[in-house]
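1. pasted the sequence and its predicted model underneath.
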Amino acid sequence: MITAKPFLKWAGGKRQLIDVLDRNLPKKIIRSGEIGLYVEPFIGGGAFLFHLLSHYKVKKSIINDINPDLMITYVVIQKYPEELIKMLEAKEKKYLQLNEDKRKEYYYKQRDVFNKLKLDFNEHIPELWTKKASLLILLNKLCFNGLFRQNNKGEFNVPMGRYKNPKILDRENILNASKLLYKTEIHCTSYLNINPSKTENSLIYLDPPYRPLSQTSAFTKYSKEGFDDEDQKKLAEYFKQKDKEGFYLMLSNSDTGDGFFEILYAGYNMKKVKNRRYINSKADKRGEIQELLVQNY
């Protein structure tokens with residue numbers, strides 16, 4: 001059996017929630033072990049995707065995110081894993097040979113190169129896409145807390161973290177991820193444009209940028225566009241439309257405690273589940289949190 005895990009650290013990633021999500025799959029899918037179509041319009045780090053591809057028979061999958069740098073990296077891992085491995089191997093070797101001051105200089109130079117390399121998702125240039133993907137993985141492995149954050153100009157602006165011996169290249173995982181992704185459609189657009197045709201055992205999992213628990217805890221800058229309450233309301237309409245079309249639907253979000261989601265998803269199955277937060281600038285803010293899981297079954 002081929003197994004893979006996310007190739008990036010990702011704020012809001014679902015690694016710690018995998019068992020809960022698995023237990024809450026539709027019973028028909030659990031019994032059969034088969035998914036006719038899996039759709040994830042906010043793919044992020046892809047923890048649940050890789051879990052399903054590793055442990056279920058998924059006939060077809062569609063993934064999407066509005067962040068072009070992220071989706072370019074998925075395409076590169078799917079189509080050009082060997083080329084990506086060569087680039088990461090060279091970067092890792094060079095970085096580990098440097099002293100502390102030179103490592104810092106190298107990180108910020110690579111961040112500048114990454115930000116200057118503006119690529120359109122629709123303009124497929126394999127060499128440049130692979131270079132961009134290698135830079136994203138490098139920065140993700142070396143930056144503070146493994147964050148992916150952009151400013152209003154769309155520039156990656158996370159400072160360097162402190163790691164003695166970071167593992168920049170995970171050769172086996174990249175190769176396994178590539179094998180698992182071979183039947184996956186990869187898109188970079190608004191989730192509103194993801195409108196697949198339903199087949200038997202079709203599941204859509206929605207994991208949008210979470211509604212912040214407080215104004216100071218807001219972190220929705222996975223892309224320069226952000227995601228506010230009006231966006232959450234539009235997403236609820238999308239959920240309801242896909243429900244009418246006959247899809248199985250599961251959605252994750254924060255438990256804000258103010259009834260916002262209870263009103264948006266009234267009439268649907270809603271559960272409170274526990275997760276652990278590992279990415280936060282303040283150590284005392286990391287730890288167990290409560291989230292909401294919404295299902296139409």
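-> Done, it's in.
2. quick one: the helices in the stretch 101-250 of the chain?
-> 126-142, 171-180, 229-244 (DSSP state H, counting those that start in this stretch).
3. most packed of these?
-> helix 126-142 (a mean of 21; mean count of other CB atoms under 10 Å). Where you see a C-beta, it was placed from the backbone N, CA and C, and this is true even at glycine.
4. give me the angle between it and helix 171-180.
-> 130 degrees (axes from the mean of the first three to the mean of the last three CA atoms, to 10 degrees).
5. what's helix 126-142 packed up against?
-> Under the contact definition 3 or more CB pairs under 8 Å, 6 or more residues apart in numbering; DSSP states H and E, helix 126-142 sits against helix 68-79, helix 81-96, helix 100-116.
6. distance of S202 from Y56?
-> Taking CB to CB, to the nearest Å as the measure, S202 and Y56 are separated by 13 Å.
7. residues in contact with the helix or strand L293 falls within: which ones?
-> Secondary structure from DSSP states H and E places L293 in strand 287-295. By CB atoms under 8 Å, 6 or more residues apart in numbering, the residues outside strand 287-295 that reach it are 17, 20-21, 24, 210, 213, 239, 248-255, 261, 265, 268-277.
8. do I have it right that M250 meets S202?
-> No. In this structure, M250 is not within contact of S202 by CB atoms under 8 Å, at 12.0 Å.
9. what residues are up against the nearest residue to N173 once chain neighbours are set aside?
-> Once flanking residues are discounted, N173 sits nearest to A4: 5.7 Å by CB to CB, 6 or more residues apart in numbering. Going by CB under 8 Å, 6+ apart, A4 touches F50, L53, S54, N173, N176, A177, K179, L180.
10. just the buried residues of the contacts of strand 287-295.
-> 17, 20-21, 24, 210, 213, 239, 248-255, 261, 265, 268, 270, 273, 275 (16 or more other CB atoms under 10 Å).
11. which of these fall in helices?
-> Counting by DSSP state H, the part of the buried ones among the contacts of strand 287-295 found in helices is V20, L21, F239, F261.
12. turn the residues you listed into TSV, including pLDDT and distance to I85.
-> Shown next, in TSV, are these (pLDDT from 0 to 100; distance: CB to CB, whole Å):
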residue	pLDDT	distance to I85
V20	96	33
L21	97	30
F239	98	38
F261	97	42
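13. for these, work out which two are farthest apart.
-> Farthest-apart pair in those is V20 and F239; separation 19.2 Å (CB to CB).
14. any common contacting residues for S202 and Y56?
-> Joint contacts of S202 and Y56 (CB under 8 Å, 6+ apart) are I35.
15. of these two, who's got more company?
-> Taking other CB atoms under 10 Å, S202 and Y56 do not tie; S202 has more neighbours (23 against 19).
16. quick one: contacts for that one?
-> Contacts of S202 by CB under 8 Å, 6+ apart are I35, G36, L37, Y38, V39, P196, G246, F247, Y248.
17. which non-adjacent residue is nearest it?
-> Closest to S202 by CB to CB, 6+ apart is L37, at 4.2 Å.
18. next up, the contacts around that neighbour.
-> L37 touches K59, K60, S61, I62, P196, K198, T199, N201, S202, L203, counting by CB under 8 Å, 6+ apart.
19. and for L138?
-> L88, K91, Y95, Q110, I168.
20. quick one on the thing from earlier: among the contacts of L37, name the ones in strands.
-> Of the contacts of L37, the ones assigned to strands by DSSP state E are S61, I62, S202, L203.
21. distance of the third one relative to N269?
-> Here S202 is placed at a distance of 18 Å from N269 (CB to CB).
22. contacting residues for Y297?
-> Counting by CB under 8 Å, 6+ apart, Y297 makes contact with P26, Y248, L249, N269.
23. confirm V39 sits in a helix?
-> No. With DSSP: H, G, I helix; E, B strand; the rest coil as the criterion, V39 is strand rather than part of a helix.
24. that one: how many residues sit nearby?
-> With other CB under 10 Å as criterion, V39 counts 25.
25. quick check: it touching I194?
-> Yes. Between V39 and I194 there is a contact at 6.5 Å, judged by CB under 8 Å.
26. shared neighbours of the two, which are they?
-> Shared contacts of V39 and I194, defined by CB under 8 Å, 6+ apart, are found at I62.
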